[in-house]
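[1] fold the following, please.
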Amino acid sequence: MNFINKGEASIIDIEGLVDVNVDQQIEVPQIQIRANREMLAHYGISLKDFNQFVDVAFNGEKMADIYEGQKSFDLVLKLNEKGNE
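    As a prediction, this is how the structure comes out:
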């Protein structure tokens with residue numbers, strides 16, 4: 001049995017469309033961080049600096065190249081996943 005979902009079924013007959021295919025979307029966990037601007041101002045932290053900290057903490061930032069013989073590795077700074085070490 002060929003399954004066609006509603007979205008695909010609604011556009012499959014439009015002239016000019018070829019190879020209509022609907023991919024299943026995978027939900028990606030997300031986190032929203034909202035800065036407390038008053039508290040940032042109290043401590044003299046700009047929103048730009050806060051955003052940069054959050055970006056580095058979660059995504060990491062390449063700080064240097066490490067060379068071991070003929071191999072090189074990136075030295076990346078990022079937040080400890082456990083958060084308590």
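[2] could you use CA atoms for every contact and neighbour count after this?
    Fine.
[3] what sits up against the longest helix seen in the chain?
    Longest helix in the chain by number of residues (criterion: DSSP state H): helix 47-59. For helix 47-59, contacts defined as Cα atoms under 8 Å, 6 or more residues apart in numbering pick out 35, 37, 40, 77-79.
[4] dump these into CSV; add distance to residue 49 as well.
    As requested, the contacts of helix 47-59 are arranged in CSV below (distance: Cα to Cα, whole Å):
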residue, distance to residue 49
35, 11
37, 12
40, 10
77, 16
78, 15
79, 16
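[5] quick one: the helices in the protein?
    Using DSSP H, helices in the chain cover 6-11, 37-42, 47-59.
[6] for those helices, which one sits closest to residue 68?
    helix 47-59 (24.5 Å; Cα to Cα).
[7] now do that closest one, average pLDDT.
    Averaged across helix 47-59, the pLDDT comes to 90.
[8] what are the buried residues along that helix?
    Counting neighbours by 16 or more other Cα atoms under 10 Å, one finds that the buried residues in helix 47-59 are residue 56.
[9] picking that back up, now the contacts of helix 47-59 in TSV, with distance to residue 27 and neighbour count?
    Listed next are the contacts of helix 47-59 as TSV, based on distance: Cα to Cα, whole Å; neighbours: other Cα atoms under 10 Å:
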residue	distance to residue 27	neighbour count
35	25	11
37	30	13
40	32	14
77	27	15
78	24	16
79	24	16
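[10] hmm, residue 77 is touching residue 60, no?
    Yes. Residue 77 lies in contact with residue 60 (Cα atoms under 8 Å); the separation is 5.2 Å.
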